[in-house]
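[1] Structure, please.
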Amino acid sequence: MVRPAIYLSQADVEKIRLLIHEMLHSEQRVKPNIQQLKSELDRALVVDPHRVPPDCITMRSQALLKDQETGETMTYTLVFPEDADIDQGKISVLAPIGTAMLGCRVGDHFEWETPGGTRSIHVEKQLFQPEAAGDYS
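    Got it, this is the predicted structure:
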């Protein structure tokens, strides 16, 4: 599956690259999809935070996603690992689905690898995006 172009703010890219650096140079167990996250950053269109499309999933964005096979919908907020809480729908950018949804836009499809197989996900709606709300930090 060919992934559509993704947009990321310069601020998000800098923070995520720092996170990756810390993960690779710490005694912590490195997440298996760290290389996938690096690849996503490498292919991203990096823009000034003021120029991020308002329907793009950036850090701290909340989106409504739909599983194309089951029809199940889920609402997730993309966060840094220290803020992750699955019970509150806060998904870490280091989690496979977090990496996959990063930079996607409303209408995009992406695939997410799970232990049970590949799930095809559609971005239904952007519920919140910090940049669209005027938060450019």
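[2] partner residues bridging residue 66?
    Beta-bridge partners recorded for residue 66 (DSSP bridges): residue 73, residue 122.
[3] doesn't residue 125 make contact with it?
    No: contact status for residue 66 versus residue 125: not in contact, 9.3 Å apart, counting by C-beta atoms under 8 Å. C-beta here means a position set from N, CA and C on the backbone, and glycine is covered the same way.
[4] Give me the packing partners of the longest helix along the chain, helices and strands only.
    Looking across the chain with DSSP state H, the single longest helix is helix 10-24. The contact analysis (3 or more C-beta pairs under 8 Å, 6 or more residues apart in numbering; DSSP states H and E) places helix 10-24 against helix 34-43, strand 45-47.
[5] rerun at 10 Å
    With contacts defined as 3 or more C-beta pairs under 10 Å, 6 or more residues apart in numbering; DSSP states H and E, the packing partners of helix 10-24 are strand 7-9, helix 34-43, strand 45-47.
[6] Quick one: distance of the lowest-mean-pLDDT helix or strand in the chain to the chain centre.
    Here the helix or strand of the chain ranked lowest by mean pLDDT, DSSP states H and E is strand 109-114, holding a mean of 86. From the chain centre to the centre of strand 109-114 is a distance of 12 Å (C-alpha atoms, centre = their mean, to the nearest Å).
[7] contacting residues for the residue most central in space within the chain?
    By C-alpha atoms, centre = their mean, the mean C-alpha position of the chain lies nearest to residue 102, the distance being 2.3 Å. By C-beta atoms under 10 Å, 6 or more residues apart in numbering, the contact set of residue 102 is 6-8, 12, 16, 37, 40-41, 44, 56-59, 61, 78, 93, 110.
[8] repeat that for 8 Å
    Contact partners of residue 102, counting by C-beta atoms under 8 Å, 6 or more residues apart in numbering, are 6, 8, 37, 40, 57-59, 78, 93.
[9] Reformat those as CSV; add distance to residue 115, neighbour count and pLDDT.
    Putting these into CSV (distance: C-beta to C-beta, whole Å; neighbours: other C-beta atoms under 10 Å; pLDDT from 0 to 100) gives the following:
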residue, distance to residue 115, neighbour count, pLDDT
6, 25, 21, 87
8, 28, 24, 93
37, 19, 23, 91
40, 21, 20, 90
57, 24, 29, 96
58, 28, 23, 96
59, 26, 22, 96
78, 21, 26, 98
93, 20, 24, 95
